[in-house]
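Trainee: Just to be clear, the model below is a prediction. Sequence and coordinates:
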Amino acid sequence: MARTQNFGNHARYLPAFHFFASPVLLINAIVALWHVFREPSLASGWAAVVAVALFTGIMMARVMALTVQNRLIRLEQQVRFARILPADLQPAVAELRPRHFIGLRFASDPELPELVRRIRSGELDKTDDIKKAVRDWQADYLRV
């Protein structure tokens, strides 16, 4: 964590997942499917089914982990907003979508009310637009 996190570098890559397991299992599935078309048999068909299942399984595991992370972000931010947002903005919390919570998690406490107002007015909606609007980036190194 030597470098300072910001919008430009906050994406997290897990080398074992992104650059090894996923590509290897994807290539394996492609090769297995190629064998089915090249030399159709029960064995090559079953090998293709297993290869596609392995790739699908690793991708679904990643999706499930990200879904849990997003639910946790939403919960953390709801607790934070209850503490920080003024009374007039408290009802806005119920209107926020998961993508808003995800974008707002990088904002400092003082800038949260303004960003929530901008989301509520429709000026900001997409996660990346919210992240780009953050002036005082609060790093999050504990991500899946």
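Mentor: Good, I have the coordinates. Numbering: from 1, shown residues only.
Trainee: Would you enumerate the residues in contact with Val68?
Mentor: Contacts for Val68 (C-beta atoms under 8 Å, 6 or more residues apart in numbering) come out as Val144. C-beta: built from backbone N, CA, C; applies to glycine.
Trainee: just Arg74 next, same as before
Mentor: Residues in contact with Arg74 (C-beta under 8 Å, 6+ apart) are 98, 101.
Trainee: Check the gap between it and Arg117 for me.
Mentor: Going from Arg74 to Arg117 by C-beta to C-beta, to the nearest Å gives 19 Å.
Trainee: likewise Asp125?
Mentor: Asp125 is 13 Å from Arg117, by C-beta to C-beta.
Trainee: Low-confidence ranges, this protein, go.
Mentor: For the chain, the stretches with pLDDT under 70 are 1-2.
Trainee: could you point out the longest helix in it?
Mentor: In the chain, with assignment by DSSP state H, the single longest helix is helix 42-84.
Trainee: Show me which positions of stretch 125-140 end up buried.
Mentor: Residues 127, 130-131, 133-134 are the ones in stretch 125-140 that count as buried (16 or more other C-beta atoms under 10 Å).
Trainee: Run through the residues that contact Arg62.
Mentor: Counting by C-beta under 8 Å, 6+ apart, Arg62 touches Phe17.
Trainee: Kindly provide the distance from it to Leu142.
Mentor: Distance from Arg62 to Leu142, counting by C-beta to C-beta: 17 Å.
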